[in-house]
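Student: Next come a sequence and a model predicted from it.
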Amino acid sequence: MTPDRFFSLLLALRSRPETTVAALAAETGVSDRTVMRDLRWLQDAGFPVLMRRGRYGGVSMLPGGGLDSGRLTPGEREHLALTGLDVDQRERLGVAQVSGRALRKVTGARPPDDLIAVGDLVVSDNRPWFGPEPAGTSPGALIGDLRRGVRLRVRYEREGEEARWRTVDPYGLLAKGGRWYLVADEEGRPRLLNLQRIARWEPLRTARRLREGAALAAVAAELTSGWESAGDLEVRLRIQEYQVGRARRILGSRLSMGGPEADGWRSAVLRCRVLEDVRQLLAFGNTATVTGPPEAVARVQELAREILDHYR
């Protein structure tokens, strides 16, 4: 249940002595089945929600059982919608204190029972394994200008290129894989800018101009799915069976595995954006053999000779 639907459902229950599942579904914009699931969740969370089936049945909340949303400040209500961020990410965004206070107000005291609270059994840590501490622009420093809804000039450093100024219309921030990205339009086209590569930025006095109907979540999904699926160069290879698990961890969804072969090897295809991506296969040494296309085989041979010459 989203925070928005959580509040909508509680307010609907508190605003009338009795209602029906169908009425709640119409008010919250979901199906009857979803409302039933949400009501059971409220019961499990300790809210005195009473449900009666049958012709004269209905849904009601006993007096004194609702959330006192008046105790939440507007900022606290807003921060409840920041789902999916771990403690470290909230710290970097500068909202850890407000978010924690809002969650404590909502959680309240749990009734004694035999079950351990789910929140005591699950911890979220979105940092990548062995990842360095994020450098560059902090999301907490940028969020203020993003909330003003203005255009930005950012000095962006691309690997192997000289930094240059770019004017963008920002949608907001994306936290993914332990990194932060600025999701924005540049000249009407969506862009994903790594905050680690933003050396400086300046807010402009003009309002941002976004594409009609475009929103942060949809644009971010379009960009990330496009990046993960991109790559017109298909490199064919054979890899020893015992290295398959390691290859999948390192290469992820770019690697498509074939069936096992009798000699303990497996065929595979690695989807690459550029030919130089074959460097990733050097980590597997003689347990992986590139078989095509010819330019990929030739490049791996060149790299192997360069490594051999380096250590002579």
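Tutor: That came in fine, so what should we check first?
Student: Just the C-alphas of whichever strand or helix holds E234, formatted as PDB.
Tutor: E234 belongs to strand 233-240 when assigned by DSSP states H and E. What follows is strand 233-240, C-alpha atoms only, in PDB (Å, rounded to 0.1, in the frame of the first residue of the first chain):
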ATOM      1  CA  LEU A 233      27.200  -5.800 -31.100                       C
ATOM      2  CA  GLU A 234      26.700  -9.500 -30.100                       C
ATOM      3  CA  VAL A 235      29.900 -11.200 -29.100                       C
ATOM      4  CA  ARG A 236      29.800 -15.000 -29.200                       C
ATOM      5  CA  LEU A 237      31.900 -17.000 -26.800                       C
ATOM      6  CA  ARG A 238      32.400 -20.300 -25.000                       C
ATOM      7  CA  ILE A 239      32.900 -20.400 -21.200                       C
ATOM      8  CA  GLN A 240      33.700 -23.200 -18.800                       C
END
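Student: now E228, nearest residue through space, not along the chain?
Tutor: Leaving aside its chain neighbours, E228 sits nearest to S253 (5.9 Å; criterion: C-beta to C-beta, 6 or more residues apart in numbering). For glycine as for every other residue, the C-beta is placed from the backbone atoms N, C-alpha and C.
Student: Is the one you found part of a helix or strand, or is it coil?
Tutor: helix (DSSP: H, G, I helix; E, B strand; the rest coil).
Student: And it, how close does it get to S138?
Tutor: 30 Å (C-beta to C-beta, to the nearest Å).
Student: what's the answer for L303, then?
Tutor: L303 is 37 Å from S138, by C-beta to C-beta.
Student: cool, L255 as well?
Tutor: Going from L255 to S138 by C-beta to C-beta gives 34 Å.
Student: Between the two, point out the one with more neighbours.
Tutor: L255 (19 against 15; other C-beta atoms under 10 Å).
Student: That one bridge partners, please.
Tutor: Per DSSP bridges, the residues bridged to L255 are L270.
Student: From the contact counts, what lies against the strand holding E234?
Tutor: strand 265-272, strand 288-292, helix 294-310 (3 or more C-beta pairs under 8 Å, 6 or more residues apart in numbering; DSSP states H and E).
Student: JSON lines please, covering these and showing mean neighbour count.
Tutor: Converted to JSON lines, the helices and strands packed on strand 233-240 look like this (neighbours: other C-beta atoms under 10 Å):
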{"stretch": "strand 265-272", "mean neighbour count": "18"}
{"stretch": "strand 288-292", "mean neighbour count": "16"}
{"stretch": "helix 294-310", "mean neighbour count": "13"}
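Student: which one of those lies closest to R189?
Tutor: strand 265-272 (23.1 Å; C-beta to C-beta).
Student: Which residues does that closest one contact?
Tutor: 231, 233-241, 244, 247, 251, 254-261, 277-278, 280-281 (C-beta atoms under 8 Å, 6 or more residues apart in numbering).
Student: average pLDDT across that strand?
Tutor: Taken as a whole, strand 265-272 carries a mean pLDDT of 93.
Student: then it to CSV, C-alphas only?
Tutor: Written as CSV, here are the backbone C-alpha positions of strand 265-272 (Å, rounded to 0.1, in the frame of the first residue of the first chain):
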residue,chain,number,x,y,z
TRP,A,265,31.9,-25.7,-21.7
ARG,A,266,28.8,-23.6,-22.5
SER,A,267,28.1,-21.3,-25.4
ALA,A,268,27.0,-17.7,-24.6
VAL,A,269,26.4,-14.3,-26.2
LEU,A,270,27.5,-11.0,-24.7
ARG,A,271,25.7,-7.9,-25.9
CYS,A,272,28.1,-5.0,-26.2
